[in-house]
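Chemist: no sequence for this one, just the structure:
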């Protein structure tokens, strides 16, 4: 699936961007093996964590009208 996602300002969300929720939480966007985008669902504190087998919560499961892209300062 290669669906496009947009934040609450209508800006396209892409891999490796940070999104900020209205509650202040910041999440990094990852790209799955099938090309879809999502947030980290893996427990990185687990001793057997493998970053190459990261599990994701797909972005379509979230109300993206509550998120905005975090602008990186130059």
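Modeler: That came in fine, so what should we check first? What you see is a predicted model, and the numbers here were worked out from it, not measured in a lab. Numbering: from 1, shown residues only.

Chemist: which stretches of this protein have low pLDDT?
Modeler: For the chain, the stretches with pLDDT under 70 are 1, 43-53, 73-74.

Chemist: what about the strands in it?
Modeler: Here the chain has its strands, by DSSP state E, at 5-6, 12-13, 18-21, 26-31, 37-40, 56-58, 67-69.

Chemist: ok now the longest one, how far from the chain's centre?
Modeler: Strand 26-31 has its average C-alpha position 3 Å from the chain's average C-alpha position, going by C-alpha atoms, centre = their mean, to the nearest Å.

Chemist: got it, and the second one?
Modeler: Centre-to-centre, strand 12-13 and its host chain are 10 Å apart (C-alpha atoms, centre = their mean).

Chemist: who's in contact with it?
Modeler: 4-7, 19, 29, 37, 59, 64, 67, 69 (C-beta atoms under 8 Å, 6 or more residues apart in numbering). For glycine as for every other residue, the C-beta is placed from the backbone atoms N, C-alpha and C.

Chemist: Any quick PyMOL command for the buried ones out of these?
Modeler: PyMOL command restricting those to the buried ones, with burial defined by 16 or more other C-beta atoms under 10 Å:
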select buried, resi 5+7+19+29+37+59+64+67+69
